[in-house]
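In: Test case, fold it:
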Amino acid sequence: MDATDDSFDLPTLCDRAGVTPRTVRYYMQQGLLPQPGAGREARKYGSGTLMRLRLIRQLQREHLPLAEIRARLEPLSDEDVAALLEPEQGASRG
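Out: Predicted coordinates:
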């Protein structure tokens, strides 16, 4: 099964990522996040979007500007994003 089996509405996505809906919409306008699906999935966000939000926050803690973050995220697949998040999530208690 692929990552699109996990989908969230906007409030759930925001809660899990620790951001506001306004932040999600802004990141979409800036090209940092993909738009949600079309049709029935128009208001659903996948686990890839959640991982990208978490990576954006991680990169912001490194004081990178959004333009640099966008440039780094654009070529990455969801698997690439997950790999970049693993050190932060897996090393929480050593």
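In: Please count neighbours and contacts with C-alpha atoms only from this point.
Out: Will do.
In: so the nearest residue to P34 once chain neighbours are set aside is in which element?
Out: In space, and not counting its chain neighbours, P34 is closest to M28: 6.1 Å by Cα to Cα, 6 or more residues apart in numbering. Following DSSP states H and E, one finds M28 within helix 21-29.
In: for Q35, same thing?
Out: Per DSSP H and E: Q35 is located in neither a helix nor a strand.
In: From A83, how far out is the spatially closest residue to it that is not a sequence neighbour?
Out: Spatially, and ignoring its direct neighbours in sequence, Q35 is nearest to M28 (6.3 Å; Cα to Cα, 6+ apart). M28 sits at a distance of 22 Å from A83 (criterion: Cα to Cα, to the nearest Å).
In: Which one's more surrounded, these two?
Out: The residue with more neighbours, out of M28 and A83, is M28; 14 against 11, by other Cα atoms under 10 Å.
In: low pLDDT regions in this protein?
Out: Applying pLDDT under 70 to the chain picks out residues 1-5, 37-42, 86-94.
In: Identify the residue nearest the geometric centre of it.
Out: R52 (2.3 Å; Cα atoms, centre = their mean).
In: What is the top helix by length along the chain packed up against?
Out: Counting residues, the longest helix found in the chain (DSSP state H) is helix 47-61. Under the contact criterion of 3 or more Cα pairs under 8 Å, 6 or more residues apart in numbering; DSSP states H and E, helix 47-61 touches helix 10-17, helix 66-73, helix 78-90.
In: ok, the nearest residue to P11 once chain neighbours are set aside - how many residues close by?
Out: Leaving out its chain neighbours, the residue that sits closest to P11 by Cα to Cα, 6+ apart is P21, at 7.1 Å. For P21, the count of nearby residues is 15 (other Cα under 10 Å).
In: Which one of the helices and strands packed on helix 47-61 lies nearest to G46?
Out: G46 lies closest to helix 10-17 among the helices and strands packed on helix 47-61, at 8.7 Å (Cα to Cα).
In: how far away is R25 from E62?
Out: Separation of R25 from E62 (Cα to Cα): 22 Å.
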